[in-house]
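Asks: this is a predicted model, with the sequence first.
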Amino acid sequence: MRLPSAEELLADARVIALPLRTRFRDLTVRETMLVRGPAGWGEFAAFTEYDDTESAPWLATAIEQAWGLGPTDDERPLFRDTVRTNATLPAVDPSEVPGVLERFGDFRTVKIKVAEPGQTLDEDIARIAAARAFVGDEGRIRIDANGGWNVDEAEHAIRALERFDLEYVEQPCPTVPELSELRDRIHRLGILIAADESVRKAEDPVAVARAGAADILVIKVSPLGGVRRALDIIDQAGLPVVVSSALESPIGLQASFDLAKRIERLEYDCGLATDVLFTGEELPVDGEREMWWRDRAARCLELL
């Protein structure tokens, strides 16, 4: 594909800062860059702590969006018009759970953040219990540890949480070998393991599937470099997938919805309702931050 020049990329770029209702990923404000091309807007949403190498695929996603380089309907047909989404529950106090979940409206599945630094398993249990009470027996609960446990901690936690009828556990441990060992230990419990960081942060995003270390892949379009590449990874992995956001604005989420509509078998609710986590406001960005993002985008473009 023909990439835009730096001048074309940045001609209509703007940086936005979006406040979050509740601290999420240790963030209270999400900074991101919007770029406009012939096909409309795209979003360069790489988290600010990422280096240029890790950030470059996020820019590729923005370019795919804004320059209309994603798959056509003839190449990858649409299988659905709508996508069922889950609620996302940050690592909040149990007393806050109903207020957070009510904002998501009608849903049947909730993903709950656990293994937050500085918090205990007892705090996770209390949060999950509050969520189970909110969604009832028919609701679906999945948890996301973001690689926060070692194998022993993960096994202990999962056994303690088994009574909540978990749909799956997302990235309980940081590495593929750890996920593989944990999966062997808990397979009799019937609780599935989903891989997130082991896909989006890996040099080989299909390695976790080849190793038999996960039952489900969590696919995030922005860090993988766009809808085309995400579909290729799904094809190669041959596992069920959940399409999830990377805390993008509604513009970035459009790419994730496009992907979800093009996946033939989509068995699990997708984590694409995260715009609810934002207040709906937009904070001003000073000239220094604007220049930081523009310089970063130009450097990442050179890596594509």
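Replies: Noted; the coordinates are in hand.
Asks: what is the rounded mean pLDDT of the one helix or strand Pro223 maps to?
Replies: Taking DSSP states H and E as the criterion, Pro223 maps to helix 221-224. This predicted structure assigns helix 221-224 an average pLDDT of 98.
Asks: got a list of contacts for it?
Replies: Contacts of helix 221-224 with the rest of the structure, by C-beta atoms under 8 Å, 6 or more residues apart in numbering, involve 43, 45-46, 54, 57-58, 61, 199-201, 205, 227, 230, 233, 243, 246, 248, 252, 255-256, 259. (Glycine included, C-beta is placed from N, CA and C.)
Asks: among those residues, name the buried ones.
Replies: Among these, those classed as buried by neighbour count (16 or more other C-beta atoms under 10 Å) are 43, 45-46, 57-58, 61, 199-200, 205, 227, 230, 233, 243, 246, 248, 252, 255-256, 259.
Asks: now, those that are in helices?
Replies: With DSSP state H as the criterion, helices contain Pro57, Trp58, Thr61, Val199, Arg200, Val227, Ala230, Ile233, Gly252, Ala255, Ser256, Leu259 from among the buried ones among the contacts of helix 221-224.
Asks: next, work out how far apart the second one and Glu281 are.
Replies: Taking C-beta to C-beta, to the nearest Å as the criterion, Trp58 is separated from Glu281 by 23 Å.
Asks: the strands in this protein, which residues?
Replies: Taking DSSP state E as the criterion, the chain carries its strands at 14-24, 27-37, 40-44, 87-89, 109-113, 140-144, 166-170, 192-195, 216-219, 241-243.
Asks: may I see those strands arranged in TSV, with distance to Val100 as well?
Replies: Written out in TSV, the entries for those read as follows (distance: least, C-beta to C-beta, whole Å):
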stretch	distance to Val100
strand 14-24	7
strand 27-37	15
strand 40-44	24
strand 87-89	6
strand 109-113	9
strand 140-144	14
strand 166-170	18
strand 192-195	22
strand 216-219	21
strand 241-243	20
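Asks: between those, which gets the lowest average pLDDT?
Replies: strand 14-24 (a mean of 93).
Asks: so how far is it off the chain centroid?
Replies: Counting by C-alpha atoms, centre = their mean, to the nearest Å, strand 14-24 is centred 16 Å from the centre of its parent chain.
Asks: that strand packs against which elements?
Replies: strand 27-37, helix 287-302 (3 or more C-beta pairs under 8 Å, 6 or more residues apart in numbering; DSSP states H and E).
Asks: the first one pairs with which strands, parallel or anti?
Replies: Pointing back at strand 27-37 there. Using DSSP bridges, the strands paired with strand 27-37 are strand 14-24 (antiparallel), strand 40-44 (antiparallel).
Asks: buried ones in it?
Replies: Neighbour-count burial for strand 27-37, with 16+ other C-beta under 10 Å as criterion, is recorded at Leu27, Arg30, Glu31, Thr32, Met33, Leu34, Val35, Arg36, Gly37.
Asks: kindly report the same for the last one.
Replies: Neighbour counts over helix 287-302 (16+ other C-beta under 10 Å) mark Trp292, Trp293, Arg294, Arg296, Ala297, Cys300, Leu301 as buried.
Asks: just put those in JSON lines and tack on pLDDT and distance to Val151.
Replies: Rendered in JSON lines, the data for the buried residues of helix 287-302 read as follows (pLDDT from 0 to 100; distance: C-beta to C-beta, whole Å):
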{"residue": "Trp292", "pLDDT": "98", "distance to Val151": "39"}
{"residue": "Trp293", "pLDDT": "98", "distance to Val151": "39"}
{"residue": "Arg294", "pLDDT": "98", "distance to Val151": "43"}
{"residue": "Arg296", "pLDDT": "98", "distance to Val151": "36"}
{"residue": "Ala297", "pLDDT": "98", "distance to Val151": "39"}
{"residue": "Cys300", "pLDDT": "98", "distance to Val151": "35"}
{"residue": "Leu301", "pLDDT": "98", "distance to Val151": "40"}
